[in-house]
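Asks: Show me how the following folds:
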Amino acid sequence: SVYDDQPNAHKRFMEKLDACIRNHDKEIEKMCNFHHQGFVDAITELLKVRADAEKLKVQVTDTNRRFQDAGKEVIVQTEDIIRCRIQQRNIITVVEKLQLCLPVLEMYSKLKEQMSAKRYYSALKTMEQLENVYFPRVSQYRFCQLMIENLPKLREDIKEISMSDLKDFLESIRKHSDKIGETAMKQAQQQKTFSVALQKQNNVKFGKNMYINDRIPEESNEIVLKHAIEEEDENEEEGDEETFENYYRKQRKKQARLVLQPQSNMHETVDGYRRYFTQIVGFFVVEDHILHVTQGLVTRAYTDELWNMALSKIIAVLRAHSGYGFPVNRLFDLLFEIRDQYNETLLKKWAGVFRDIFEEDNYSPIPIVNEEEYKIVISKFPFQDPDLEKQSFPKKFPMSQSVPHIYIQVKEFIYASLKFSESLHRSSTEIDDMLRKSTNLLLTRTLCSCLLNLIRKPHIGLTELVQIIINTTHLEQACKYLEDFITNITNISQETVHTTRLYGLSTFKVCKNLTKSFYFNHCKQTPKN
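Replies: Numbering: from 1, shown residues only. Presented below is the predicted three-dimensional model:
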């Protein structure tokens with residue numbers, strides 16, 4: 001486009017183009033001339049290296065071949081090592097699993113041995129260990145599932161065997177009751193003889209002998225009683241305690257009725273009476289032994305129920321024979337002696353009741369907010385105060401909660417003592433006298449002792465001592481109501497010449513004075529600000 005406006009533009013353009021081409025050709029020629037020698041030298045060098053390259057190629061090929069040959073052996077050895085490692089890991093796993101399984105298998109084998117040896121209690125213990133400890137560790141294995149499925153059958157076998165043994169045991173103690181009773185009665189007489197000798201001679205040796213002989217010597221009797229422990233343990237482990245307990249108690253009640261039913265010709269000989277009482281004594285010796293050496297098979301309430309039934313039956317038999325003209329006074333005298341021991345048992349029981357009442361008391365006046373609460377307290381304790389009655393609600397009784405509770409428990413004690421006394425074939429006057437004497441023991445010995453122990457406790461402060469003094473005053477005032485309570489029960493007037501008086505007034509006065517002394521001592525020891 002530069003030469004468009006000039007003449008011969010095309011020619012001039014071609015000339016310029018040819019000139020440029022020639023210049024470039026010259027420059028290219030110069031460049032080639034300049035690098036030609038280097039190119040020649042490079043070709044020469046390559047020609048020289050070609051021989052070495054051939055040698056290197058041969059050497060590399062040879063080296064590669066030798067590496068390949070050597071690698072084949074390494075690969076084989078590596079595969080062997082991998083295979084050994086896998087086997088080693090499998091062996092370790094097997095050992096670990098066997099260590100888990102072996103104790104289970106050993107315990108199961110032990111269970112089988114115990115079953116074969118008829119050691120059922122130990123077998124039940126082993127089953128418990130298997131179920132709670134061992135089976136959970138290997139529950140994923142089939143053999144474990146088979147063992148688990150087999151345990152209920154083994155338990156059922158033990159249950160059947162235990163029931164059979166229990167029946168044999170009941171039959172055995174039924175047969176041995178008279179022998180056990182005879183032995184126990186001989187030992188009781190022997191112990192009484194030793195006691196008399198001990199008092200007369202003051203000889204320690206006799207006391208030791210008495211202790212040594214205080215057991216049932218016959219091996220058969222010991223074995224029979226020992227079975228009761230084993231049976232109860234087995235039943236407890238099986239989880240069928242209730243079934244076995246109910247069966248045992250039902251059968252023993254039947255046996256008790258048979259034992260208590262006298263033979264028609266019992267009155268004809270002394271041996272008839274002796275056999276009758278030895279069977280009864282033997283029956284209760286067995287029950288008492290089982291009560292103290294087992295848990296749950298026999299309870300105190302069950303034994304008391306049997307004893308009350310036996311007592312009524314025995315008394316009925318004695319009265320029937322007395323009606324026929326047979327002398328039975330010595331037997332009633334025996335029951336009268338037993339009453340003293342029974343009364344001591346009651347005193348121990350009520351000592352614990354009084355301690356609990358004192359522990360639960362807050363030693364503050366009883367608050368009442370309405371008429372209903374007021375009547376509840378009055379129904380429990382005979383409290384009379386016109387001034388308090390006139391006050392509006394809310395108001396407070398001066399005594400604390402322990403006072404009505406103690407009063408109620410004293411009445412409960414009188415009822416419990418009366419229950420036994422009524423069956424002693426005694427006159428109303430004698431029963432009244434026995435009730436008053438036992439109540440005196442409760443007040444003077446048991447309740448007074450609990451009160452004295454209470455005021456000596458370190459947590460009892462001045463406020464509590466003041467409340468205890470108030471409580472003692474109200475208990476003292478309530479003694480006349482206890483007198484009336486006994487009179488209403490026995491229908492024996494207090495004006496009767498030989499009627500025993502309650503010592504509650506003097507007892508509570510002594511306790512109150514001692515409490516006051518403790519209060520004054522506390523006041524002296526308390527520092528004044």
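
Asks: mind giving me the domain split of this protein?
Replies: Using automatic domain parsing, the domains assigned to the chain come out as 1-136, 151-327, 336-525.

Asks: okay, those in a markdown table with mean neighbour count and distance to Phe143 next?
Replies: Glycine gets a C-beta too; all of them are placed from N, C-alpha and C. Formatted as a markdown table, these follow (neighbours: other Cβ atoms under 10 Å; distance: least, Cβ to Cβ, whole Å):
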| stretch | mean neighbour count | distance to Phe143 |
| --- | --- | --- |
| domain 1-136 | 12 | 8 |
| domain 151-327 | 16 | 13 |
| domain 336-525 | 16 | 56 |
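
Asks: Mind telling me which of these the model trusts least?
Replies: For the domains of the chain, mean pLDDT drops lowest on domain 151-327, to a mean of 68.

Asks: Can you name the next helix or strand after the lengthiest helix in the chain?
Replies: Assignment by DSSP state H gives helix 9-116 as the longest helix of the chain. Downstream of helix 9-116, the first helix or strand assigned by DSSP states H and E is helix 120-129.

Asks: What helices and strands are in contact with the helix or strand containing Ile290?
Replies: According to DSSP H and E, Ile290 maps onto helix 270-293. Under the contact definition 3 or more Cβ pairs under 8 Å, 6 or more residues apart in numbering; DSSP states H and E, helix 270-293 sits against helix 142-201, helix 219-238, helix 241-260, helix 300-323.

Asks: Lys396 should be in a strand, yeah?
Replies: Yes - counting by DSSP: H, G, I helix; E, B strand; the rest coil, one finds Lys396 located in a strand.

Asks: wait, what's in contact with it?
Replies: By Cβ atoms under 8 Å, 6 or more residues apart in numbering, the residues touching Lys396 are 365-368.

Asks: which one of the residues you listed sits closest to Met115?
Replies: Nearest to Met115, judged by Cβ to Cβ, of the contacts of Lys396 is Ile366 at 64.1 Å.

Asks: Just to check, that closest one is in contact with His405?
Replies: No - with contact defined as Cβ atoms under 8 Å, Ile366 and His405 do not form a contacting pair (10.8 Å).

Asks: before we move on, back to that, with distance to Glu389 and secondary structure added, can I get the contacts of Lys396 in CSV?
Replies: Compiled in CSV, those are given as follows (distance: Cβ to Cβ, whole Å; DSSP: H, G, I helix; E, B strand; the rest coil):
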residue, distance to Glu389, secondary structure
Pro365, 16, coil
Ile366, 15, strand
Pro367, 16, strand
Ile368, 12, strand
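
Asks: quick one: Phe169 from Trp307, how far?
Replies: Counting by Cβ to Cβ, to the nearest Å, the separation of Phe169 from Trp307 is 21 Å.

Asks: From Asn90, how far off is Cys84?
Replies: Distance of Cys84 to Asn90, given as Cβ to Cβ: 11 Å.

Asks: With Lys411 instead?
Replies: Distance, Lys411 to Asn90, using Cβ to Cβ: 82 Å.

Asks: what's near enough to touch Glu464?
Replies: With Cβ under 8 Å, 6+ apart, Glu464 has these contacts: Tyr363.

Asks: contact partners of stretch 356-369?
Replies: The contact list for stretch 356-369 (Cβ under 8 Å, 6+ apart) reads 374, 377, 393-402, 404-406, 409, 450-451, 454, 463-464, 467-468.

Asks: rerun at 6 Å
Replies: Residues from elsewhere that reach stretch 356-369, judged by Cβ atoms under 6 Å, 6 or more residues apart in numbering: 374, 393-394, 396-398, 400-402, 405, 454, 464, 467.

Asks: now swap in stretch 274-282 and tell me
Replies: Under Cβ under 6 Å, 6+ apart, the answer for stretch 274-282 is 177-178, 180-182, 184-185, 259, 262, 266.

Asks: ok, Pro398 to Gln391 distance?
Replies: Per Cβ to Cβ, Pro398 is found 12 Å from Gln391.

Asks: My error: substitute Asn132 in the last question.
Replies: Separation of Asn132 from Gln391 (Cβ to Cβ) stands at 65 Å.

Asks: One more: Tyr519?
Replies: Applying Cβ to Cβ, the value for Tyr519 to Gln391 is 27 Å.

Asks: quick one: the longest helix of the chain to chain centroid distance?
Replies: Centre-to-centre, helix 9-116 and its host chain are 76 Å apart (Cα atoms, centre = their mean, to the nearest Å).

Asks: packing partners for that helix?
Replies: Packing partners of helix 9-116 (3 or more Cβ pairs under 6 Å, 6 or more residues apart in numbering; DSSP states H and E): helix 120-129.
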